[in-house]
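Chemist: Everything below, folded, please.
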Amino acid sequence: MLLVYLDLLSQPCRALHVLLTCTGIPHTVRTVALRKGEHRSAEFTKLNPMNKVPVVVDNNFILTESDAILKYLVTKYNAPEHWYPRQPERRARVDEYTAWHHSNTRPHAARVFILEVLLPTQTSAPVDEEQLNRALAQLDETLDKLESMFLRRQPFLCGDDVSVADLLAVCELMQPLGGDRDVLKDRPQLQRWRSRVQAAVGDSFDRAHAVLYALRDRRRARL
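Modeler: Sure thing, here's the model as predicted:
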């Protein structure tokens, strides 16, 4: 039995949730509420001493790190090949993006959300506008690279079909929406890519992001 530990406020958890929904891989979800500190419980720490989600347990095989999890599940459960191609060059393109992702798309989009939503919520302090502007500038550089390198001649980040790379990227770039900030608002090329990813994964996209939409709507209601 495949057990999946996640919290859909987490970007990588949403990517995993979308993949599982789209592929129909049988699994059971165990929710780990980050806001309640459940990722620091003794029980969860035994699974992942790094205290991060997602984690999967597949017949006593424990795996952490979203990139490894997505690629493992696609391979183990014979999901459609476009998610993580078997042909070496096409697979290398996915690996190329996911290696870059962890030092670029992930931290830069996450930092905008942290500065604009998470820290003010936790501390009741106003947004540090200077830090936020620096973070937005850094994210803009990353978005430039996504357009000029990865989407230069193709509809998806790594080729002509959706892959795990697109899931990881789109879930990160949706995260600032929790602060009612669409970071792709002025980038039509990336908007079209996001729409293609949404079309490729169907209803699973909005189901995975429902908690983020709710956060955005609560923020709007307070303003």
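Chemist: Only C-alpha atoms from now on, for both contacts and neighbour counts.
Modeler: Noted.
Chemist: so what does the one helix or strand residue 62 maps to touch, helix or strand wise?
Modeler: Taking DSSP states H and E as the criterion, residue 62 maps to strand 61-64. Helices and strands touching strand 61-64, by 3 or more Cα pairs under 8 Å, 6 or more residues apart in numbering; DSSP states H and E, are strand 55-58.
Chemist: hang on, the earlier thing: can you name the element that comes right after the strand holding residue 62?
Modeler: Following strand 61-64 in sequence order, the next helix or strand is helix 66-76 (DSSP H and E).
Chemist: what pLDDT, on average, does that next one get?
Modeler: Average pLDDT, helix 66-76: 98.
Chemist: Alpha carbons of it, in PDB - could you do that?
Modeler: Once non-C-alpha atoms are left out, helix 66-76 reads as follows in PDB (Å, rounded to 0.1, in the frame of the first residue of the first chain):
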ATOM      1  CA  SER A  66       9.500  15.700  -4.000                       C
ATOM      2  CA  ASP A  67      11.700  15.400  -7.100                       C
ATOM      3  CA  ALA A  68      12.800  11.800  -6.200                       C
ATOM      4  CA  ILE A  69       9.200  10.900  -5.200                       C
ATOM      5  CA  LEU A  70       7.600  12.000  -8.500                       C
ATOM      6  CA  LYS A  71      10.200  10.200 -10.600                       C
ATOM      7  CA  TYR A  72      10.000   7.100  -8.500                       C
ATOM      8  CA  LEU A  73       6.200   6.800  -8.700                       C
ATOM      9  CA  VAL A  74       6.100   7.400 -12.500                       C
ATOM     10  CA  THR A  75       8.800   4.700 -13.000                       C
ATOM     11  CA  LYS A  76       7.500   2.200 -10.400                       C
END
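Chemist: Contacts for that helix, please.
Modeler: The contact list for helix 66-76, computed with Cα atoms under 8 Å, 6 or more residues apart in numbering, reads 12-13, 16, 19, 54-56, 63, 79-81, 83-84, 98, 164.
Chemist: Please point out which parts of the strand holding residue 62 sit buried.
Modeler: Using 16 or more other Cα atoms under 10 Å as the test for burial, strand 61-64 gives 63-64.
Chemist: Could you pick out the buried ones from the contacts of helix 66-76?
Modeler: Taking 16+ other Cα under 10 Å as the criterion, what is buried in these is 12-13, 16, 19, 54-56, 63, 79, 83-84, 98, 164.
Chemist: Take those and lay them out in TSV including pLDDT and distance to residue 35.
Modeler: Compiled in TSV, the buried ones among the contacts of helix 66-76 are given as follows (pLDDT from 0 to 100; distance: Cα to Cα, whole Å):
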residue	pLDDT	distance to residue 35
12	98	16
13	98	15
16	98	19
19	98	24
54	98	15
55	98	17
56	98	20
63	98	22
79	97	32
83	98	31
84	98	32
98	98	27
164	98	27
